[in-house]
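In: Return atomic coordinates for the entry below.
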Amino acid sequence: MKIFESNCIFNYSWEDVSRANWRKYCAWNTQSTHVIAVDTISRRVDPQTGILITERLITCRQAAPKWLKAIFGTEESYVREVSYVDPKNKSVTMKSTNLTLNNLLSVQETVTYTPAPENPATKTLFKQDAQITAYGAFSRICNAIEEFSVERFGQNAKKGREGFEAVLQMSQKAFRDLREGNIRQEAEQ
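Out: Next up, the predicted model:
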């Protein structure tokens, strides 16, 4: 098993980040073009805690080596994501696991967004970790697959953060424009 970890600060409030999180895979994010569908399977609010729990199926299409496509017949893969939005404690936690080929390679990812300790009103701390495990009879091959997967995961994570930054910028602009339009409309009445 190999572990990938990453942290960064987004210069947006937790409220802005948690709202924009639902648009993470939209057209504004040019870095996540491999995501071709996001389907919400279930959504509910826990009556005891007030936590919003959402389960989604994410369909991805990534370029795979020809030999891999020949064996498995597809470039599409599926990921199950369960998110927990806790507005009271200001945290978003997303847990994702691959469904495709998980008997050969398991990827368990956890992402959290919380107010940044140094400036909780205007900054959000992003934490990401993934446990990557390859299964097979030959440990040397499994180790090489895990090493490759961690490196690829890191490259994709960097692109994902860059894309989410664009989503945050566009979301902030859209909400600002909406507020300004409402204010103008109220002033005209």
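In: Residue ranges in this structure under the pLDDT threshold?
Out: For the chain, the stretches with pLDDT under 70 are 63-65, 67-73, 182-184, 186.
In: For it, which segments are assigned as strands?
Out: Along the chain, the stretches classed as strands by DSSP state E are 2-10, 35-45, 52-61, 76-86, 91-98, 105-115, 124-134.
In: so the fifth one versus strand 105-115, what angle?
Out: The one in question is strand 91-98. Using axes from the mean of the first three to the mean of the last three CA atoms, to 10 degrees, the direction of strand 91-98 lies 170 degrees away from that of strand 105-115.
In: Quick check: buried residues in strand 91-98?
Out: The neighbour-count check on strand 91-98 (16 or more other CB atoms under 10 Å) flags Ser91, Val92, Thr93, Met94, Ser96, Thr97, Asn98 as buried. In this view, the C-beta of every residue, glycine as well, is placed from N, C-alpha and C.
In: now the residues you listed as TSV including distance to Ile36?
Out: Output for the buried residues of strand 91-98, formatted as TSV (distance: CB to CB, whole Å):
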residue	distance to Ile36
Ser91	29
Val92	23
Thr93	25
Met94	19
Ser96	16
Thr97	19
Asn98	15
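In: from the residues you listed, which is closest to Ser18?
Out: Val92 (5.0 Å; CB to CB).
In: and the strands of the chain as a markdown table, adding distance to Tyr25?
Out: Formatted as a markdown table, the strands of the chain follow (distance: least, CB to CB, whole Å):
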| stretch | distance to Tyr25 |
| --- | --- |
| strand 2-10 | 17 |
| strand 35-45 | 4 |
| strand 52-61 | 7 |
| strand 76-86 | 10 |
| strand 91-98 | 12 |
| strand 105-115 | 13 |
| strand 124-134 | 16 |
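In: Pull the contacting residues for Val38.
Out: By CB atoms under 8 Å, 6 or more residues apart in numbering, the residues touching Val38 are Tyr25, Arg56, Leu57, Ile58, Thr59.
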